[in-house]
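# Sequence first, then the predicted structure, then my questions.
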Amino acid sequence: MSDTKTKTITLTIDGQRISVPEGTTVMDAAERIGVQIPRLCYHPDLSLAGSCRVCIVEVKDMNQYMASCSVPVWEDMEVQTNSPQIRQARRDIVELLLDNHPMDCQTCERDGHCELQNLAYWMGVRERLFEGERKQFEFEASSRSVIRDSNKCVLCGRCVRVCAEVQGVFNLSQQGRGFTTVVTPAHGRKMDNSVCIQCGQCINVCPTAAFLEQDSTEKVWAALADPELHVVVQTAPAIRATIGEGFLMPPGTPETGKLVTALRRLGFDGVFNTNFGADLTIVEEAHELLGRVQAGGPLPILTSCSPGWINFMEKFYPSLIPNASSCRSPMSMLSVLLKTYYAQKAGIDPRKIFVVSVMPCVAKKFEAGRPEHASDDGVPYTDAVLTTRELIWMIKAYGIDFASLPDDTYDSPLGLSTGAGDIFGTTGGVMEATLRTATEWVTGQRVDRIEFTEVRAVEGLRETQIKLGDKTLNIAVANGLENAKTVLDQIVAGTKQFHAVEIMACPGGCIGGGGQPYPPPNMKVLDPELLALRAKALYAIDRGNQIRRSHENPSVQALYRDFLGEPGSEKAHELLHTTYRPRKPRGIR
Amino acid sequence: MASGVMDNYQTLFDRAEQALAERHYADKIRIQVGSATCEDAAGARDVYDEFRKHIEASGRTDIALRSTGCTGRCSREPIVGVLLPGQPAIKYEQVDRDKVHRIFTEHVQAGTPVYEHILDNKAETLQRHDFLFCAGLRCGPKRGLDYRKLFEDKLRAAGVSERHARVLPANCFGLCGLGEVGKGAHILVRPGRLIYRVRTEDDLDRIIAEHVEQGRIVHDLLVTDSTISQRFFEIYGDIGFFHRQTRIALRNSGIIDPESLDEYLHYEGFRPLAEVLDRGDAQWIIDQVTASNLRGRGGGGYPTGLKWANAASQTDPVKYIICNADEGDPGAFMDRSMLEGDPFSILEGMIIGAFAIGATQGFLYIRAEYPLAIRRIEQAIEQARAANLLGESILGSGFSFDLEVRLGAGAFVCGEETALIHSIEGERGQPRIRPPYPSVSGLWGKPTVINNVETWANIPVVLGYGPDWFRQIGTAKSGGTKVFALAGKVEHTGLVEVPMGATLREVVFDIGGGVPGGKQLKAVQTGGPAGGVIPADMIDLEVDFDTLAQVGSIMGSGGMIVMDEDDCMVDIAKFYLTFSQDESCGKCTPCREGTTRMLEIFDRITTGRGVPADIDKLERLASLIRKSSLCGLGRAAPNPILSTLRHFRQEYEAHVVDKSCPARKCTALIRYEISPEKCVGCSACARNCPVTCIDGKPRQTYVIDQSRCIKCGRCFEVCRFDAVNRL
């Protein structure tokens, strides 16, 4: 323990002497002197694969080129990142990837956001030397959320690693060998018959378009064009924090007003706010929590907003189903109200209402199709779910100059939200919002404290204790399911006693969702800095809100007064709550 | 405690000796039948059964029937040895039921060998003296007096004809102690299986005067210490294929019953283990292995001692030992032969290695396609456990270690150590980036030593005979021997074990008997699909890890394929590339994509669609794959291409520029024509053509319809008038 001081290593990169701490990789060392070595399979938050070989460099006295992502520096190492030989080798490697790629960039959804495209440009692959046979796999669109085109896969393995290391799902792996290697769920099963929880992180980390969300834009265009339909839209809390990125605005710019205007221009008849649903969720869930604390269980209560997490629970932790909050997600609550409360108030036949939701999430596409979220005649409450990416594309396709749009506000009454609803889109948001309401309900008096920064689990997993009057609540907040597993295993084993646990499937919460915009060129998916900027936007909206406690939302209060009765009432249960069931794909006991 | 280990060993040994004595080691007639996958496939089990029935029917109790592993004499199997007390061992080749009857009635019962079935037709050797002179590489003729030449001259001067006494070169017997190297020679004399040690010319004269002329043994020149390769020479030393070999790793293959721990113990088995446990000094073992210059036999040639030292220096309390028995090179079977023929030696090596690095658990990763090897190893493990050679406190030493067998599912890449580790862990068998090396972080993240079967089999010898002895057999940088699987266009195919540094000529011509059919040697391919091609003019290359690398090939695990003038080097390169491309794991881009593109280019070249730029593209891709692939297999995959391009570029050019295959091998580039001058109209070609594309009438000239010809060459083979030309 005495020699905690790290040794310093001095080496030469492209003729420049540089000293770095022992254990630094060549890639990181090069970055310190402004040399960005091209890369593909490398991702700072995932384990090292060293498989694409794009980041190779020449090291003096070594017989082989070395993958700079994985080679630690050594004393007096001499590295060449740009010798003619290494440039040619790197170019050839990228060409080899292109040679086995469909090259349909113009019709590809990732055109312009594609890492392979960028690499090919930077490496100067202007002619093709080695063209030949290409792999021919079937397009796989069985899942309601995540579709696969293995012909576009470059086998970087980032999806495999994110699925295993960040989400702990282990659905994807490489199968077959050599030229016919393919990424697939176990035994080559289709995605809808696999353990996929549909979080969509594979889409986010994919450098090409080998993974995409199931398209819903066609359905929405058709609905918008149908004069018979009353098409309404709701936008999730996290959308306003990220939509600007799609129009080259710096990350962290909240764009609620422009978002609403853009949706109206697209032709939506009503623009509503999922944050209202969030407020409603808090009122119901806080009620549920307090009821369980009084009744002595089942505890802990597990939040139910994240559909990826709900899928995960049903597949991997079915024993915890009784613990999950029975509240529908904010999206589904709002959709139900749009086809009941709103339909009634506006005097529109619910069958003529087409509900679109814009979500940072691809698992919401699956959630919307669950029979639990359909009316008795089988019509889903949510008719179509668009991801942030899909909406950005629709706005662009419609020729709307987003940056120059004026601000507008959501329609009422389902448009008004509090700051508590606003922060749902980031980790700890649901817990913090719950606490803002629960503290007042438990103590029965005004509590000045609004912000509970201790539950913002930016590092992925947090445990804390909150005093509620004479009671102390044990709280855990997790994002990224590998983190969640830690808590869940403790709950199943009975080694820790929690009262409430918030779980978001995606890293950072919804701001890091599987449907969010591909990050700007200088940033990576899962980049903590990017997530922090997006979260900052949500907290700014929260601070700017006059009302910051869900139960103080006047529209929510009016809804209970006019329509639902009390929180937890029979009608509230019928409309706002749901059920879960174990889903065991083959192979899971 | 320490002395207890030796006592326990001695008890084991004594019990084994007693059991053997009771069974057949006394004065019985011994019949041994080869038993290995290859032998069984050739019919050895039937032969064994037939002998058993004959023995039962004869009612004799003085005949012992035994199984042994294979000796690596593939094309002559099943091989049966008959040892009558006091007489030289006789080996029979390609024995079947009928031959069993003759061998039993004529030889075993009546005492007259069945000469026409003796292995390699060496019947004449029985009627004369054979003097086998050791001819180690760095001693003997190179260092001092050429005793062999001298002895031969003296014999002839004394009027002894070659019919009565023949002088033969053998390889190193491993008999020289330190300090004796170069100061004398050893002579194995048959019949009688005596070994003389000579130091002066006088000694030679005495042997001629007393032994040759009067038939008296020169007792004071006799070597009485028994060494490991001697036991092999006693049984097999009279056969050209074997007497030039130095059997260390294969010391027991073909000698002992691989399913009998007693027999392994009889041949000094587990004594080195007992001694190191008794000594109790792990560092001493590592020092011995390091000093022996033993290098990993799996192909990489990494110094074994260094690997062990690295693992031993890790502080993690959990460490593992792995035996890599995922032999996957096409045509390679040395690991299988050792696993099937001498499983205990591998176990012993592993236990010693485990003690040296401090491992308590070991794994044998054996490919599932070796069911007999798996069975033998599992039996060996069970017997070793029962004898307390595995398990808790081995031989009472306090050191505990156990072994488990894991099966490989058939992927070539799982022979790569990190892929092998993944496979044992239950992960997809793919290599990972190194460092960290397995000796630092291997199986389940623990320090792990992985060595190949042959390396492990050498360990007991290194410790039993000492590093100096081991080092001196071999080259300056690489001690000991190497087992090769000799195949291709060579007279005698099979397993060949020679000292490191033996020349290709020795292996191909002296042991292998040269190229059959009077054809010209063209090249020798070593190292399997990851190796390279060595042209015939480098036949005097002294083979070890470094020299092979210098000429663009590798040692690999020891495949050696001989090629003659009929082999097309482009086709050969394509053959190996097809294998590598098919077995690429798919993880890294250069190997996965690049091998496919190279294969496409080969397809073009060998079918006449190649253009000159294709050769440059091949070279460019091959260099890329070699320099930038993730694992050793990928980096070595282009070796067959690069080495053929280096040594036989003109053949590539002929394919591309002249659209012709100089060896007449690539079917798309050749055609068959019937010469009207020579054709007598016998119709043999037309009758044998599988696609009936040859037209003509009897006694008139036949003509091949080129548009329908599939170039199978059948007409060329059947024409007795040389009228069919291959162009």
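Arrived safely, thanks for sending. Numbers count the residues shown, from 1 in each chain, chains lettered A, B, ... in the order given.
# Point me to the residue of the stretch 101-250 of chain A nearest chain B.
For the stretch 101-250 of chain A and chain B, the shortest gap (C-beta to the nearest C-beta) falls at residue A:181, measuring 3.0 Å. In short, each C-beta sits where N, CA and C put it, glycine included.
# who's in contact with the residue lying closest to that residue once chain neighbours are set aside?
Distances taken as C-beta to C-beta, 6 or more residues apart in numbering or on different chains place residue B:586 nearest to residue A:181, at 3.0 Å, with adjacent residues excluded. Applying C-beta atoms under 8 Å, 6 or more residues apart in numbering or on different chains, we find residue B:586 in contact with A:155, A:174, A:176-181, B:430, B:592.
# re earlier: any idea how far the residue of the stretch 101-250 of chain A closest to chain B lies from residue A:152?
According to C-beta to C-beta, to the nearest Å, residue A:181 and residue A:152 sit 14 Å apart.
# same thing with residue A:120?
In terms of C-beta to C-beta, residue A:120 sits 14 Å off from residue A:152.
# Those two: which has the busier surroundings?
Of the pair residue A:120 and residue A:152, residue A:152 is the one with more neighbours under other C-beta atoms under 10 Å in any protein chain shown, namely 25 against 20.
# Just the buried ones from the contacts of residue B:586?
A:155, A:174, A:177-179, A:181, B:430, B:592 (16 or more other C-beta atoms under 10 Å in any protein chain shown).
# ok so, going back, which residues touch the residue of the stretch 101-250 of chain A closest to chain B?
So residue A:181 contacts A:155, A:174-175, B:585-587, B:592 (C-beta under 8 Å, 6+ apart).
# ok, now residue B:82?
B:29-31, B:89-92, B:103, B:107-108, B:113.
# Let me know the secondary structure of it.
Put simply, residue B:82 is strand when judged by DSSP: H, G, I helix; E, B strand; the rest coil.
# so what's it bridging to?
On the basis of DSSP bridges, residue B:82 is bridged to residue B:31, residue B:90.
# could you check the distance from it over to residue B:89?
Counting by C-beta to C-beta, the gap from residue B:82 to residue B:89 is 7 Å.
# Now intersect the contacts of residue B:586 with the helices, please.
residue B:592 (DSSP state H).
# I'd like to know which of the contacts of residue B:586 is nearest to residue A:296.
For these, the minimum distance to residue A:296 (C-beta to C-beta) is 48.2 Å, reached by residue A:174.
# Pretty sure the closest one sits against residue A:183.
Yes: counting by C-beta atoms under 8 Å, residue A:174 does reach residue A:183; the two are 5.6 Å apart.
# so what's the residue nearest in space to the middle of chain A scoring on pLDDT?
Taking C-alpha atoms, centre = their mean, the centroid of chain A lies closest to residue A:513, which sits 0.9 Å from it. Here, the pLDDT recorded for residue A:513 equals 96.
# Which residue, other than its chain neighbours, is closest to it?
Per C-beta to C-beta, 6+ apart, closest to residue A:513 is residue A:360, 3.4 Å.
# Report the helix or strand with the lowest average pLDDT across chain B.
helix B:228-236 (a mean of 66; mean pLDDT, DSSP states H and E).
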